[in-house]
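Novice: fold the following and give me the result.
(chains A and B)
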Amino acid sequence: MRPLLRDPATLLPSLAAAAPHLHLLRALHAHLLVSGRLATPSHLAAFVASLVSSSHHHLDYARLVLPGRPATLLAHNALLRALARGPRPGLAFAAFRGLPLPPDNYSLNFLVRAATALAAAAAAERPVPVPVPAEVSARLLAVSAHGAAVRLGHAADPHVQSGVVSMYAALGDVAAARAAFAEIACPDLVCVTAMVGALAAGGEVDAARDLFDGMPLRDHVAWNAMISGYVHVGRSREALRLFDEMQRAGAAVGEATLVSVLSACAQIGALDHGKWAHWYMRSQGMRLSITLGTALVDMYSKCGAVAAAMEVFESMGERNVYTWTSAVSGLAMNGMGLECLELFERMENAGIQPNGVTFVAVLRGCSMAGLVEEGQACFDSIKKKHGVDPWLEHYGCMVDLYGRAGRLDDAINFINDMPVEPHEGVWGALLNASRIHNNVELGKYALDKLLAIESENDAAHVLLSNTYAESQNWKGVSRVRGMMKNKGVKKVPGWSAIEVDGKVHEFFVGGKSHPRYKEIEMMLAEMSRRLKPEGYAANTKEVLFDIEEEEKEGAISLHSEKLALAFGLIALPEGVEIRIVKNLRVCRDCHDYTKLVSKVFDREIIMRDRNRFHHFKDGKCSCKDYW
DNA sequence: ATAGGGTTAG
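Specialist: Sure thing, here's the model as predicted:
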C-alpha cells in the first residue's frame, strides 16, 4: 500500500542543504521521534546534518539530540562534516574531542577539512605585517589534526592523505606539505595532484612540473593545478603553452581551466587568445558564472578592450564585489576616471559593499584622470561612510594623487598628517611625483626615506636616477649607479609582448634572439629615418644608466617596446592596431617615439605599461603625456 | 549509509 503523504523523513537529505527554519526542524524532530525513525543511524545522521547546516546554526539542538541516542559514528561524523563546512569550522575540533566513540577515517577526514577551511579563511585576510592570530591558530589546529590522523592509525587513508597535503597548502606551508607527502608510501593520483597543487600554489612551479610530468595519468584537475601555478608566478606564456598541450591530451576543459587561461591572457595582454577563450565557452554552452564573467571582465580590461569588458559586465546576471571591482579597476587603468567614478557610484547604489581593493581602484582612477577633489572625497568616505580603516596603499594613492597633480605641498602635508607610519609605497609615490615635476631635492628626501625602509628597491633607484637625468645632473645619475652596484641592486629587466596570429612574441631589452631579427633591425632603421624629419631626436635624459653616455642613443633604440613595435609594423597588416604589453613603466623617450610612429605610419598603438594604458593615435596619446 | 585534488579583483 502506498502512503497517502510523502514520508517527511525523505526530506532530510534536501533539508541538510537548505538551512531550514527551527519550527520546521521541530516538526521533523517530532515526526522522527513518533515514527521511531530517529533510532535508525541514517535518519539520525541526516537530521543532525540538517540541524547544523549552513548559516542556520542549531548547534545546541544537535547537541541535545545526539547524546540521547545510541552513539553511532555515522551521526557524529555528520555533525563533524557539517561543522567543518559551516561558518565556524573550529567547532569541529571541540566536537572531535567529545566523540563518544573512537573516530574512524571519515572523522579524521572531516577534521582535516575543518583545519583546511580555517587555514583558507586566515589566508584570505588582508596581509598585515605580523601574522594574524587566525593564522597561528590555524597552523596549530592543522598540525594537531595531522597528528591525530597519524596517532589514530588513519594516516594511510587516501582521502586523509590528500586532505593533509592540501591542508598544508592552504596554510601556505609548502615545506610541511612536502614533508607530509614524503611520508606517504604509495600516494594515489588524487594525492599526487594535491601535491602538484601545493607546489604550484606555493610558487614552486618547476618542482610541481617535475611531479606532474612523472604522473602516469593526469586528469583535468592536475592540468588545472599546473596551469594556474604558472599563471600565479607570472609565467603566463608557459601557462598558455600547457593549455594547448592539455587540449591535445584531450583533458576536460572546464570553468577552472578557463579562469586560469583568461588570467594568463590578462597578464600578457593576449587579446586574441582571450577572445578565443570567450568564444570557446560560448560554443560549449557554458554558463557565464560570476567567476568566469569576472575573469572575462578582467581579461578584456587588461587587454585594453574596455568596451568589450563593459559589455560582458552589463550582460552578467549576477555580480559580486570582485566583478564590480574588476570593472571599476578596468576603467581606471584605461584612464577613464569619470566613468570609473560613475560605475563606483552605481556599485554603491546596488548595495554592494566595496572593499579595500575597490578603493585602490577608485583612487587610482582619480589619480590618472587628475580628479583630486573626487579622490579626496573617496578617501574620506573610506572611514566616514564605510567605517573601514584605510590601508597604507590608500595613503600611497593619495600621495600619488596630489603628487601627480603637482600639488607637492599637499602631498607632504598629507604624509605629515598620517596617523600611521608611512610605508615604501607612500615614499615611492612622492619620489615619482618629484620625478614628474623635476624636484630633485624632494626626490632625494623621498629616496632616503624609502631606502631606510627597503634598501634594495630597484624601482626607487631607477626613479631617482631619472629625476637626476631630467635635470641633466649626470653626476647624480652616476652616484645612484654606484649605490646600486655597491648594494647589488639589480634592475628588473624590461620586456614587451605582442600577439601576432595568436602567438605571443616576447622581447627583452636589446634582445636579438627573435627569428625575424634581421627584418626587425631593418624596420628600426626605417623608423629612425622616417621619424627624423618629424623632429625626433633620441631623448637621452631617461636612460638605462648602466650604459655609457656615448652609447645612449644606440641603447635607447633597443628598448623592448621599440623592438615589439618594429615587429608589429612588420607582422601586422596595415589598419590593424598594434597592441603591446610591457612589464615596466614606459620611458619618456619610448613614449615620444611611439607617438610619432602612430602618426608617421598611421597606426593605432595600444600600449599597456606597469600602471596603465596608452592609446596612441595621430601622434597623440590618451594619457596626455601625464603618467 | 558519510570523503579527496584545480578556479576571480589592486
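Novice: what's the average pLDDT for stretch A:89-97?
Specialist: For stretch A:89-97, mean pLDDT is 93.
Novice: and the helices in the stretch 301-450 of chain A?
Specialist: Secondary structure of the stretch 301-450 of chain A (DSSP state H, counting those that start in this stretch): helices at A:306-315, A:321-333, A:337-349, A:356-369, A:372-384, A:392-404, A:408-416, A:424-436, A:440-453.
Novice: any chance of JSON lines for those, columns mean pLDDT, distance to A:Glu574 and mean neighbour count?
Specialist: C-beta: built from backbone N, CA, C; applies to glycine. Output for these, formatted as JSON lines (pLDDT from 0 to 100; distance: least, C-beta to C-beta, whole Å; neighbours: other C-beta atoms under 10 Å):
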{"stretch": "helix A:306-315", "mean pLDDT": "96", "distance to A:Glu574": "23", "mean neighbour count": "17"}
{"stretch": "helix A:321-333", "mean pLDDT": "96", "distance to A:Glu574": "28", "mean neighbour count": "25"}
{"stretch": "helix A:337-349", "mean pLDDT": "95", "distance to A:Glu574": "31", "mean neighbour count": "18"}
{"stretch": "helix A:356-369", "mean pLDDT": "93", "distance to A:Glu574": "31", "mean neighbour count": "24"}
{"stretch": "helix A:372-384", "mean pLDDT": "94", "distance to A:Glu574": "40", "mean neighbour count": "17"}
{"stretch": "helix A:392-404", "mean pLDDT": "94", "distance to A:Glu574": "36", "mean neighbour count": "23"}
{"stretch": "helix A:408-416", "mean pLDDT": "95", "distance to A:Glu574": "45", "mean neighbour count": "16"}
{"stretch": "helix A:424-436", "mean pLDDT": "88", "distance to A:Glu574": "35", "mean neighbour count": "24"}
{"stretch": "helix A:440-453", "mean pLDDT": "86", "distance to A:Glu574": "43", "mean neighbour count": "19"}
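Novice: in CSV: these, plus distance to A:Asn77.
Specialist: Listed next are those as CSV, based on distance: least, C-beta to C-beta, whole Å:
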stretch, distance to A:Asn77
helix A:306-315, 43
helix A:321-333, 34
helix A:337-349, 43
helix A:356-369, 38
helix A:372-384, 45
helix A:392-404, 44
helix A:408-416, 57
helix A:424-436, 48
helix A:440-453, 51
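Novice: how about those, which one is nearest A:Val509?
Specialist: Ranking the helices of the stretch 301-450 of chain A by distance to A:Val509, with C-beta to C-beta as the measure, places helix A:424-436 first at 20.2 Å.
Novice: report pLDDT for the residue nearest to A:Gly203 when sequence neighbours are not counted.
Specialist: Of all residues not flanking A:Gly203 in the chain, A:Val233 sits nearest, at 5.5 Å (C-beta to C-beta, 6 or more residues apart in numbering). At A:Val233, the predicted lDDT confidence score is 94.
Novice: so A:Val233 touches A:Ala208, yeah?
Specialist: No: A:Val233 is beyond contact range of A:Ala208, at 10.0 Å (criterion: C-beta atoms under 8 Å).
Novice: the two: which has the busier surroundings?
Specialist: Between A:Val233 and A:Ala208, A:Ala208 has the larger neighbour count (other C-beta atoms under 10 Å), namely 24 against 16.
Novice: so for the helix or strand hosting A:Ala295, what gets flagged as buried?
Specialist: Using DSSP states H and E, A:Ala295 falls within helix A:290-302. Judged by neighbour count (16 or more other C-beta atoms under 10 Å), helix A:290-302 contains these buried residues: A:291-302.
Novice: how far does it sit from its chain's centre?
Specialist: Mean-position distance between helix A:290-302 and its chain equals 12 Å (C-alpha atoms, centre = their mean, to the nearest Å).
Novice: again with stretch A:234-247
Specialist: The answer for stretch A:234-247 is 18 Å, by C-alpha atoms, centre = their mean.
Novice: CA atoms of that stretch as CSV?
Specialist: Output in CSV follows, covering the C-alpha atoms of stretch A:234-247 (Å, rounded to 0.1, in the frame of the first residue of the first chain):
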residue,chain,number,x,y,z
GLY,A,234,53.6,35.3,-13.8
ARG,A,235,54.8,32.7,-16.3
SER,A,236,51.7,33.1,-18.4
ARG,A,237,53.2,32.1,-21.7
GLU,A,238,54.1,28.7,-20.3
ALA,A,239,50.5,28.5,-18.9
LEU,A,240,49.1,29.0,-22.4
ARG,A,241,51.5,26.5,-23.9
LEU,A,242,50.5,23.9,-21.3
PHE,A,243,46.8,24.7,-22.0
ASP,A,244,47.5,23.8,-25.7
GLU,A,245,49.0,20.5,-24.6
MET,A,246,46.1,19.9,-22.3
GLN,A,247,43.7,20.2,-25.2
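Novice: ok, it near DNA strand B or not?
Specialist: No: if you take C-beta under 7 Å from any atom of the strand as the test, stretch A:234-247 misses DNA strand B, and the best it gets is 10.5 Å.
Novice: which outside residues touch stretch A:79-90?
Specialist: A:16, A:48-49, A:51-55, A:57, A:59, A:62, A:66, A:91-92, A:95-96, A:107, A:110-111, A:113-115, A:117-118, A:121, A:137, A:141 (C-beta atoms under 8 Å, 6 or more residues apart in numbering).
Novice: which SSE is immediately downstream of the one helix or strand A:Val597 maps to?
Specialist: According to DSSP H and E, A:Val597 maps onto helix A:588-600. Proceeding N to C from helix A:588-600, the next assigned helix or strand is strand A:605-608, under DSSP H and E.
Novice: direction included, what does that next one pair up with?
Specialist: strand A:578-582 (parallel), strand A:613-617 (antiparallel) (DSSP bridges).
Novice: list the contacts of that strand.
Specialist: So strand A:605-608 is contacted by A:269, A:302-304, A:333, A:561, A:565, A:568, A:577-582, A:586, A:594, A:597-598, A:613-617 (C-beta under 8 Å, 6+ apart).
Novice: near DNA strand B, from those residues?
Specialist: Okay, of the contacts of strand A:605-608 touching DNA strand B (C-beta under 7 Å from any atom of the strand), that's A:302, A:333.
Novice: is the host helix or strand of A:Val192 anywhere near DNA strand B?
Specialist: Here A:Val192 sits within helix A:189-201, counting by DSSP H and E. Yes: judged by C-beta under 7 Å from any atom of the strand, helix A:189-201 comes into contact with DNA strand B at A:189-191, A:193-194, A:197, A:201.
Novice: any of these buried? List them.
Specialist: Counted by 16+ other C-beta under 10 Å, those give A:189-191, A:193-194, A:197, A:201 as buried.
Novice: which pair in the residues you listed has the greatest spatial separation?
Specialist: The farthest-apart pair in these, when distances are taken by C-beta to C-beta, is A:Leu189 and A:Ala201, at 18.2 Å.
Novice: hey, where'd the strands end up in chain A?
Specialist: Remark: strands assigned in chain A by DSSP state E are A:495-500, A:503-508, A:578-582, A:605-608, A:613-617, A:620-621.
Novice: identify whichever of the helices of the stretch 301-450 of chain A lies nearest to A:Thr40.
Specialist: helix A:321-333 (44.1 Å).
Novice: for that closest one, packing partners?
Specialist: Helix A:321-333 is packed against helix A:290-302, helix A:306-315, helix A:337-349, helix A:356-369, with contacts defined by 3 or more C-beta pairs under 8 Å, 6 or more residues apart in numbering; DSSP states H and E.
Novice: what comes into contact with it?
Specialist: Outside helix A:321-333, the residues within contact range by C-beta under 8 Å, 6+ apart are A:290, A:293-294, A:297-298, A:300-302, A:306, A:309-310, A:313, A:316, A:337, A:339-340, A:343-344, A:347, A:350, A:352-355, A:357-358, A:360-362, A:364-365, A:368, A:608, A:611-613.
Novice: ok, stretch A:262-269 next?
Specialist: Taking C-beta under 8 Å, 6+ apart as the rule, stretch A:262-269 contacts A:227-228, A:230-231, A:234, A:236-237, A:239-240, A:243, A:270-271, A:273-274, A:277, A:292, A:295-296, A:298-299, A:301-304, A:497, A:499, A:504, A:579-581, A:608.
Novice: starting at the chain centroid, how far to it?
Specialist: Distance, centroid of stretch A:262-269 to centroid of chain: 11 Å (C-alpha atoms, centre = their mean).
Novice: okay then, goodbye and thanks.
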